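Participant: build me a model from this:
(2 chains)
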Amino acid sequence: MILLVSLCFAQNQPKTEKPARNSSQDYSELTRAPEKARVRPNPFENDPNAVIAGQFLFEGHCAECHGTSGVGGKKGPSLRAPEVQDATPGTLFWLLTGGVARKGMPVWSKLPEAQRWQLVRYLKSLRPTNDSNIERP
Amino acid sequence: MPRFPRLFASALFLALFFAFLPRTALSQENPYIVTYDQFLEEPRNLEVEYFSTYGTQRGGNDFHAYWLEFEYGATAWWTTEIYLDAQTTFHDSTVFTVVRWENRFRPLKREHFINPVLYVEYEHVNGADKILKEIEGHDVESDFLPLNAEARKEIKNELELKLILGSNFKGWNVSENFLFVKNLTGEPWEFGYAAGVSRPLALKAAAKRCTLCPQNFVAGVEMYGGLGNTSSFGLNETSQYLAPVVVWNMPSGWTLRASPTFGLNGNSHQFMIRWGIAREISGFGDMVKKVFGGHA
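Facilitator: Residues are numbered from 1 along each chain as shown, chains lettered A, B, ... in the order given. Just a heads-up that it's a prediction; the model follows:
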């Protein structure tokens, strides 16, 4: 019973939303996207509803690791970093689809393709954070 | 209360406790009840699931079998799971039947057109098991006729291997499972299969928070059955099932599945109704770490 109560307290502790640069902040996988994937355009590029839909998807599937505002956490890197914000929509879609299993990023092809593009649209709508604002260990 | 039902009741209490923890994640599950797809649990998330099967029995008593699953994403490429199974046979009794420990591994780094997952399971099962989670070898309806008191005396320790193949194409998921089961007391290898196809009712997410949006529902069909054993491979003297399936992935984190199941030959139960409810708890591994003084 003590264990159960402890679990309740543990999961209720507030989480920090500070940007953090640590071992999980590795963007090297983005550079491995093949050319064919990199140049794919986002079919929702001009759909304003895609940002809102993407935000709901982000909150449900991504915020746990990347933080509710995408600034990153101990488990997932900041999605406002220049490496992500400068990446093409096709590159982000490619990474989202295949994941980076060895580094803890799951495969998200379980989401239909349209929803993955909506997520990418939302990610690209985030305000970029300069690298200098990110804490270093 | 006999020992095994009490154990199951305790596990059910635990499951309910976990299920009502508020930190939940939105699930995006496929609707299959028997077939596995290529997707693993997200790292450090725990999914608590309860499933129920009501089955008809010719020449005997109908039954209600149920099981609890605790599914944990150890890493992005490894999911580990504990099962506790029990069943109630009407006009007979309630018995605890199985403990299973299963592990699924995703060997390839990235997504491909066909994605393999390797599955290894150890199970300690007695002869009264009726959950029909896997159909293998020459499993037939008449195996379920003995009374629970008699059936539970038969104890088996089994190793079960599966090759899971899954593909996603234009919103459709197609999954195939090839099953190999070995009773560790020396009986021959038994074989089985399961296959499923499914699709969300809408591929695009709505730009509003909604519980009943079509994107939250995934519908499909699955088929599964035995394929004999090493000495008599094939469909002869096996049971086969076809089941429409549907899942409702609720934004609150709950997942509800339902499946009417139809036996396809004279060796199969004529009809079963299956349903299940699940709740995903995100960051469970980190909560446990915090409790034991680690840094999440």
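
Participant: quick one: secondary structure of the residue of chain A at minimum distance from chain B?
Facilitator: Of all residues in chain A, the one sitting closest to chain B is residue A:60 (2.9 Å; Cβ to the nearest Cβ). Quick note: C-beta positions are derived from backbone N, CA and C, even for glycine. Here residue A:60 takes the helix state, with states given by DSSP: H, G, I helix; E, B strand; the rest coil.

Participant: from residue B:215, how far off is it?
Facilitator: Distance of residue A:60 to residue B:215, computed by Cβ to Cβ, to the nearest Å: 11 Å.

Participant: go on, residue B:197?
Facilitator: 18 Å.

Participant: neighbour-wise, which of those two wins?
Facilitator: residue B:215 (21 against 18; other Cβ atoms under 10 Å in any protein chain shown).

Participant: what's the spacing between the residue nearest to that one when sequence neighbours are not counted and residue B:28?
Facilitator: With sequence-adjacent residues excluded and distances taken as Cβ to Cβ, 6 or more residues apart in numbering or on different chains, residue B:215 is closest to residue B:202, at 4.4 Å. Applying Cβ to Cβ, one obtains 13 Å for the distance of residue B:202 from residue B:28.

Participant: looking at these two, which one has more neighbours?
Facilitator: The neighbour comparison of residue B:202 against residue B:28 (other Cβ under 10 Å) goes to residue B:28, with 22 against 16.

Participant: helix/strand/coil for the nearest residue to that one once chain neighbours are set aside?
Facilitator: Sequence neighbours aside, residue A:110 is the residue nearest to residue B:28 in space, at 5.1 Å (criterion: Cβ to Cβ, 6+ apart). Using three-state DSSP, the three-state assignment for residue A:110 comes out as coil.

Participant: quick one: neighbours of residue A:110, just the number.
Facilitator: In terms of burial, residue A:110 registers 21 neighbours under the definition other Cβ under 10 Å.

Participant: repeat for residue A:86
Facilitator: Residues lying near residue A:86 (other Cβ under 10 Å) number 11.

Participant: any idea how far it is from residue A:128?
Facilitator: Taking Cβ to Cβ, one finds residue A:86 at 8 Å from residue A:128.

Participant: and for residue B:279?
Facilitator: Distance, residue B:279 to residue A:128, by Cβ to Cβ: 36 Å.

Participant: if you count surrounding residues, which of those two has more?
Facilitator: Neighbours per residue (other Cβ under 10 Å) separate residue B:279 from residue A:128, with residue B:279 holding more: 23 against 15.

Participant: distance from the strand or helix carrying the more buried one to the middle of the chain?
Facilitator: Secondary-structure assignment from DSSP states H and E places residue B:279 in strand B:271-281. Taking Cα atoms, centre = their mean, to the nearest Å, the mean C-alpha location of strand B:271-281 is offset from the chain mean by 9 Å.

Participant: for that strand, buried residues please.
Facilitator: For strand B:271-281, the buried set under the neighbour-count rule, 16 or more other Cβ atoms under 10 Å in any protein chain shown, comprises B:272, B:274, B:276-281.

Participant: show me what contacts the nearest residue to residue A:66 once chain neighbours are set aside?
Facilitator: When the adjacent residues along the chain are set aside, residue A:66 lies closest to residue A:76, with 4.1 Å between them (Cβ to Cβ, 6+ apart). With contact taken as Cβ atoms under 8 Å, 6 or more residues apart in numbering or on different chains, residue A:76 is in contact with A:24, A:62, A:65-67, A:104-105.

Participant: which element is residue A:76 on?
Facilitator: Counting by DSSP H and E, residue A:76 is part of no helix or strand.

Participant: any bit of the one helix or strand residue B:197 maps to sitting next to chain A?
Facilitator: Residue B:197 belongs to strand B:190-200 when elements are defined using DSSP H and E. Yes: using Cβ under 8 Å from any Cβ of the partner chain, a contact is recorded between strand B:190-200 and chain A, made by residue B:200.

Participant: ok, that strand: who's next to it in the sheet?
Facilitator: Strand B:190-200 pairs in its sheet with strand B:172-183 (antiparallel), strand B:217-229 (antiparallel), by DSSP bridges.

Participant: can I get those in a markdown table with mean neighbour count and mean pLDDT?
Facilitator: Shown next, in a markdown table, are the strands paired with strand B:190-200 (neighbours: other Cβ atoms under 10 Å in any protein chain shown; pLDDT from 0 to 100):
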| stretch | mean neighbour count | mean pLDDT |
| --- | --- | --- |
| strand B:172-183 | 20 | 97 |
| strand B:217-229 | 21 | 97 |
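
Participant: in the chain, which helix or strand is least confident?
Facilitator: Defaulting to chain A. helix A:2-12 (a mean of 51; mean pLDDT, DSSP states H and E).

Participant: circling back to that earlier point, packing partners of the next helix or strand after the strand holding residue B:279?
Facilitator: Per DSSP H and E, strand B:271-281 leads on to helix B:284-291 as the next helix or strand towards the C-terminus. When contacts are defined as 3 or more Cβ pairs under 8 Å, 6 or more residues apart in numbering or on different chains; DSSP states H and E, helix B:284-291 sits against helix A:2-12, strand B:63-75.

Participant: can I get helix B:284-291 in CSV, CA atoms only?
Facilitator: Extracted C-alpha coordinates of helix B:284-291, given in CSV (Å, rounded to 0.1, in the frame of the first residue of the first chain):
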residue,chain,number,x,y,z
PHE,B,284,5.4,4.7,-15.3
GLY,B,285,9.1,3.6,-15.3
ASP,B,286,10.1,7.1,-14.2
MET,B,287,7.5,7.1,-11.4
VAL,B,288,9.0,3.8,-10.1
LYS,B,289,12.5,5.3,-10.3
LYS,B,290,11.4,8.3,-8.3
VAL,B,291,9.9,6.1,-5.6
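
Participant: so it versus strand B:63-75, what angle?
Facilitator: Using axes from the mean of the first three to the mean of the last three Cα atoms, to 10 degrees, the interaxial angle of helix B:284-291 with respect to strand B:63-75 works out to 70 degrees.

Participant: list the buried ones in helix B:284-291?
Facilitator: B:284-288, B:290-291.

Participant: report the buried residues of stretch A:80-90.
Facilitator: Using 16+ other Cβ under 10 Å as the test for burial, stretch A:80-90 gives A:80-81, A:83-85, A:87-90.

Participant: just these: which are in helices?
Facilitator: Using DSSP state H, the subset of the buried residues of stretch A:80-90 located in helices is A:83-85, A:89-90.
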